[in-house]
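S.K.: sequence? don't have it. structure:
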């Protein structure tokens, strides 16, 4: 991640997005990488029960993406 402050912070909410998050992030990153400014992507996982976070960590480990996870609530 760049040492400069990001010009753009993109916050993406996610809940059970395993099937879609990869393609969505590919498109978002393709656009942002073509821009002249620094950016960051913040993904807020709202307790996904699928592999959403694993997909992001594996496919996008070299990108400026931070993941914030809500703890699972097993009472629901």
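M.R.: It's in. Bear in mind the structure is a predicted one, so any value in this text is a computation, not a measurement.
S.K.: for residue 12, list the residues it contacts.
M.R.: Each residue near residue 12 by CB atoms under 8 Å, 6 or more residues apart in numbering is listed here: 24, 28, 41-44. Where C-beta positions appear, they are placed from N, C-alpha and C, glycine not excepted.
S.K.: PyMOL command to pick out the buried ones of those residues?
M.R.: Command for PyMOL that selects the buried part of the contacts of residue 12, burial taken from 16 or more other CB atoms under 10 Å:
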select buried, resi 28+41+43
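S.K.: in strands only, show me the contacts of residue 12.
M.R.: Those of the contacts of residue 12 mapping onto strands are 41-44, per DSSP state E.
S.K.: rewinding a little: including distance to residue 14 and pLDDT, could the contacts of residue 12 go into TSV?
M.R.: Shown next, in TSV, are these (distance: CB to CB, whole Å; pLDDT from 0 to 100):
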residue	distance to residue 14	pLDDT
24	9	95
28	12	95
41	11	95
42	11	96
43	5	96
44	7	96
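S.K.: need the contacts of residue 12 in JSON lines with distance to residue 18, can you?
M.R.: Putting the contacts of residue 12 into JSON lines (distance: CB to CB, whole Å) gives the following:
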{"residue": "24", "distance to residue 18": "11"}
{"residue": "28", "distance to residue 18": "17"}
{"residue": "41", "distance to residue 18": "17"}
{"residue": "42", "distance to residue 18": "19"}
{"residue": "43", "distance to residue 18": "13"}
{"residue": "44", "distance to residue 18": "16"}
